[in-house]
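no sequence on hand, only this structure:
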C-alpha cells in the first residue's frame, strides 16, 4: 500500500472539506434507490466506506438504516458527527471491525483513490466485514483505464485517481464477491460511471 498516496488524500480532503456538496444529483439518487431496492429490512446496519461529508449517510439514516461512517479525513468525519451521524476516522485498508459485522456496505467514488495494485487489499477488507448474503454497492468513475495524480484537480494537494474499464473492474471484483448487477452510466466528458451490486461469496 502506498502511504504517500494515502497522506495526499487525507490532506486534500482535510484542506477542502468546504468544497464538498451536500446535494445528491438525480443520477446518483437513482443509484441509491437501486441499491435500496435490494434491501428487504430497513433495520439493517450499513458501513459508509469513505463517507465524506455524510450526504449519503444522512439519506440512508432517514430511510431507517443504522449507518456508521468512516473516512481517512478527520475534517470529513467532523462534518458527519456535526450531523449527528455515527463514525470515526479510519483507513479502509484496515477495517477495524468484527468479522461479518455489517449487513450492507456502501462505497461511491471512494475506492478510486486506491492504486490498482492495492485494490484487492481493500476489497478483501470489505469481504471480511460483510455478513453472509450481505450487499455491497460499489460505484466508480470509469470508462477509461488510467491511474495517477490528476493534474487538473482543483483540490490541493492534487488527488490520486484510478479509473477502470468495465471488464477490468469485473475481473477484479469477481475474485471477492458474487455480482448481482452491473451497469455503466454515460456521463458528460470522457468518463462513465461503473455501478455494481455485489454480495458475499
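Okay, I see it. Because the structure is predicted, anything quoted here is derived from the model rather than measured.

so who does residue 111 touch?
Applying CB atoms under 8 Å, 6 or more residues apart in numbering, we find residue 111 in contact with 49, 50, 92, 119, 122, 123, 138, 140, 162. In short, each C-beta sits where N, CA and C put it, glycine included.

output the below-cut-off pLDDT ranges for the chain.
Judged by pLDDT under 70, the chain has its weakly predicted residues at 1.

which one's the longest strand in it?
Determined from DSSP state E, the single longest strand within the chain is strand 130-142.

where's the one residue sitting closest to the centre of the chain relative to residue 34, distance?
Compute the mean C-alpha point of the chain, and by CA atoms, centre = their mean the closest residue is residue 107, 2.2 Å away. To residue 34, residue 107 is 14 Å away according to CB to CB, to the nearest Å.

same thing with residue 63?
Noted for residue 63: a distance of 13 Å to residue 34, by CB to CB.

ok, residue 72 touching residue 11?
No. Under the criterion of CB atoms under 8 Å, residue 72 makes no contact with residue 11, lying 9.9 Å away.

who's more crowded, the two?
residue 72 (22 against 17; other CB atoms under 10 Å).

beta partners for the residue nearest to the centre of the chain?
Residue 107 forms beta bridges with residue 138, as assigned by DSSP bridges.

likewise for residue 195?
residue 139, residue 183.

surely it meets residue 30?
No. Counting by CB under 8 Å, residue 30 is not a contact partner of residue 195; they are 9.4 Å apart.

which one of the two has more residues nearby?
Taking other CB under 10 Å, residue 195 and residue 30 do not tie; residue 195 has more neighbours (21 against 13).
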